[in-house]
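In: Need a 3D model of the following:
(chains A, B, C and D)
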Number of protein chains: 4
Amino acid sequence: MTEMTETTPGWLSPDELESTRARMPILYVDAVPVRVDEAGTVTRVGLLLRIGADGTVSRALVSGRVLHHERVRDALIRHLEKDLGPTALPNIPASPQPFTIAEYFPTQGVTPYHDPRQHAVSLAYVVPVAGDCRPRQDALDLVWFTPEEASSPLVQQEMLGGQGTLLKQALAYVGCLS
Amino acid sequence: MTEMTETTPGWLSPDELESTRARMPILYVDAVPVRVDEAGTVTRVGLLLRIGADGTVSRALVSGRVLHHERVRDALIRHLEKDLGPTALPNIPASPQPFTIAEYFPTQGVTPYHDPRQHAVSLAYVVPVAGDCRPRQDALDLVWFTPEEASSPLVQQEMLGGQGTLLKQALAYVGCLS
Amino acid sequence: MTEMTETTPGWLSPDELESTRARMPILYVDAVPVRVDEAGTVTRVGLLLRIGADGTVSRALVSGRVLHHERVRDALIRHLEKDLGPTALPNIPASPQPFTIAEYFPTQGVTPYHDPRQHAVSLAYVVPVAGDCRPRQDALDLVWFTPEEASSPLVQQEMLGGQGTLLKQALAYVGCLS
Amino acid sequence: MTEMTETTPGWLSPDELESTRARMPILYVDAVPVRVDEAGTVTRVGLLLRIGADGTVSRALVSGRVLHHERVRDALIRHLEKDLGPTALPNIPASPQPFTIAEYFPTQGVTPYHDPRQHAVSLAYVVPVAGDCRPRQDALDLVWFTPEEASSPLVQQEMLGGQGTLLKQALAYVGCLS
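Out: Down below sits the predicted model:
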């Protein structure tokens, strides 16, 4: 579903994307949406709530492909708007330096990150959002957690493909990992 | 003058500060105020205009001491408010990781940074400001430059103590150094 | 030529690579080889010397694609060995955080980086090398410059596709941009 | 004890240091010693073993003051040599950008970091060490842990003043926090 909205003339058809995924690392962005106070301190972390085809509940970061001829900043904005709605008012960082690179491998165990569909290399950013978030598309809800809750086993076990680890890296980066 | 406003009971008197400066590195923060567009790209850099006792004009970053029992974030906010006024709406970065550490030595040539008064070690941040800036205290004006202008010889030669170099490091960090 | 050595069964044929390049951002790594002293200060920057088909001389960073199912660290090591020889003893940084992301667009002017062949997104690292460097493949030589020389107009004008800017960003990151 | 070795003419006497500590933030460096493999991946983290006056065992990072007119890099080298011995061969990072700033407050709860003696602001670095480590001074031993062990509750509870949190931030920075 997600890929359909990204397929426009000049880009990859679903078949071509499938074929390319078996041959090339695919460039992604991951965004950790946060609420900050006036001093810039992170007070809440936003996680998308999804329900899988088999009914399992999971929590996810904002994540998606960078398209051909699209800037990384614009990919971030596009995925944030797609997942959080048009009134989220994301505050894209001024520096292109990501806090880490998450390498999702189709084989488990190579890195902490795993994506059965593909080898995806993701530039990960913490993105303060100031506005009203209304999840769209395949997300049921966006839930705001305190940093403590976000790194707790309860939340961590609901995150897939190593995104729980990526979330803890984000919390460490903003100085909120306890 | 600047120090007077910082001297409250429990902190250092001017004499004590003088004496301490000869014995200890003094912790500073440097902030590079910037304007950003919706994608987070830096479009302008703000520099304070100062006139010295001898009439020489110089351009400066927002800069100042961190006080005892003051958090770095709060020192950043205090100095930004002191230099840009109360309506600047600074956007303090969510991560405490500075883009660099500027080591100002009282002896010239040890590092690119020089402060004849003291050995100051400064945590340097790029700070987007969204509001209206009205320089106060000893600054005459705040002038917004394009990244190209900010790294030009004309502006660079008006900056003292190595702050021109620090400004270029900030531009490199936000991907705007040409 | 470079691509031929990277084409093994399961990866892309030259034709497929050509086709993919027109549809997807291609993941790259850029490495800035440096010499450091015992305190970690950068004393020299290494640039490859290349001669184009038309006889023009250019200076280049170590740069290349990340392959399918290859870790970013391993891509860095592979390209450093390919360009600097097997005895360079590169010191790959412990953190996957690059100092910047360089977005090379096939269209000029979108970013400071340009690659007429493709949209490449490159993770850029500073890599200290301790050993003996013997350039191989299509590089004639590796020349070590002081940081001052590396950012001088003379060297900068010999660098293509925005790599001069990337080099200055690397110098800023290590605190050696004057 | 530690401070005595740092007191040379022109620096602070113990009394002066005591007095200054009550008035100014004191600049520190924290180093997380690590072993890395050829690809730069962290395989072990080194922690100092200390026994307190009351017999309690604790684990600690390499940590200490930056002196007047001392560069941050030189302070890192001095403290690493003091704690790990002269043959540790530390590999000081080429960039002055620390992975985080740890603000140790004399009051508990302001930040995750606490130092009852003083308000210390510490620049924190991950430092690969390649040589033979022989702890000196007040450390009994240096023990190498896997990243998993280092972030386990067992090791974390033996670390004081929030250094367990700082260690986890270091592991997150090098991509080894599970």
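
In: End to end on stretch A:142-149, go ahead and measure it.
Out: End-to-end distance for stretch A:142-149: 15 Å, by CA to CA, to the nearest Å.

In: Now do that stretch: distance to the chain's middle.
Out: Centroid separation for stretch A:142-149 versus its chain: 15 Å, with CA atoms, centre = their mean, to the nearest Å.

In: and after the lengthiest helix in chain A, which helix or strand comes next?
Out: If you go by DSSP state H, chain A has its longest helix at helix A:72-84. Per DSSP states H and E, the first helix or strand lying C-terminal to helix A:72-84 is strand A:100-105.

In: Give me the average confidence score over that next one.
Out: In this model, strand A:100-105 has a mean pLDDT of 98.

In: Against which helices or strands is that strand packed?
Out: Judged by 3 or more CB pairs under 8 Å, 6 or more residues apart in numbering or on different chains; DSSP states H and E, the packing partners of strand A:100-105 are strand A:26-36, strand A:113-114, strand A:120-128, helix A:163-173. Bear in mind the C-beta positions are built from the backbone N, C-alpha and C, glycine included.

In: Which pLDDT value goes with the residue in chain A that chain D sits nearest to?
Out: Proximity of chain A to chain D (CB to the nearest CB) peaks at A:Ala172, 3.4 Å away. Among the per-residue scores, A:Ala172 holds a pLDDT of 97.

In: The residue nearest to it when sequence neighbours are not counted and chain B, how far apart?
Out: Nearest residue to A:Ala172, sequence neighbours excluded (CB to CB, 6 or more residues apart in numbering or on different chains): D:Ala172, at 3.4 Å. To chain B, D:Ala172 is 12 Å away according to CB to the nearest CB, to the nearest Å.

In: Next: A:Glu70.
Out: Taking CB to the nearest CB as the measure, A:Glu70 and chain B are separated by 11 Å.

In: Next up, the contacts around that residue.
Out: Residues near A:Glu70 by CB atoms under 8 Å, 6 or more residues apart in numbering or on different chains: A:Arg78, C:Pro25.

In: Equivalent analysis for the one 10 residues further on, please.
Out: Under the criterion of CB under 8 Å, 6+ apart, the contact partners of A:Leu80 comprise A:Ala31, A:Pro33, A:Val62, A:Ala88, A:Pro90, A:Val127, A:Val129.

In: Kindly indicate which of those lies nearest chain C.
Out: Distance ranking of those against chain C, using CB to the nearest CB, places A:Ala31 first at 14.4 Å.

In: Setting the sequence-adjacent residues aside, check what's closest to the closest one.
Out: A:Val62 (4.2 Å).

In: Check which residues of the longest helix of chain A are buried.
Out: For helix A:72-84, the neighbour count (16 or more other CB atoms under 10 Å in any protein chain shown) marks A:Val72, A:Arg73, A:Ala75, A:Leu76, A:Ile77, A:Arg78, A:His79, A:Leu80, A:Lys82, A:Asp83, A:Leu84 as buried.

In: Equivalent analysis for stretch A:158-178, please.
Out: A:158-159, A:161-177.

In: A:Tyr125 contacts A:Thr100, doesn't it?
Out: No. Using CB atoms under 8 Å as the test, A:Tyr125 is too far from A:Thr100 to be in contact (9.5 Å).

In: Following element in sequence after the one helix or strand in chain A whose mean pLDDT sits lowest, please.
Out: In chain A, the helix or strand scored least confidently by mean pLDDT, DSSP states H and E is helix A:2-6, which has a mean of 43. As assigned by DSSP H and E, the chain's next helix or strand after helix A:2-6 is helix A:14-21.

In: Report the mean per-residue pLDDT for that following helix.
Out: Confidence for helix A:14-21, expressed as mean pLDDT, is 78.

In: ok, and does that helix reach over to chain C?
Out: Yes. Using CB under 8 Å from any CB of the partner chain, helix A:14-21 comes into contact with chain C via A:Glu16, A:Thr20.

In: now that helix and helix C:14-21, what's the angle there?
Out: Orientation of helix A:14-21 against helix C:14-21 (axes from the mean of the first three to the mean of the last three CA atoms, to 10 degrees) gives an angle of 120 degrees.

In: ok now helix A:14-21, how far from the chain's centre?
Out: Worked out by CA atoms, centre = their mean, helix A:14-21 lies 21 Å from the chain centre.

In: and what of stretch A:145-163?
Out: From the chain centre to the centre of stretch A:145-163 is a distance of 14 Å (CA atoms, centre = their mean).

In: now the end-to-end length of it.
Out: Terminal residues of stretch A:145-163 are spaced 15 Å apart (CA to CA).

In: and it, anywhere near chain B?
Out: No. Applying CB under 8 Å from any CB, one finds stretch A:145-163 separated from chain B by no less than 11.4 Å.
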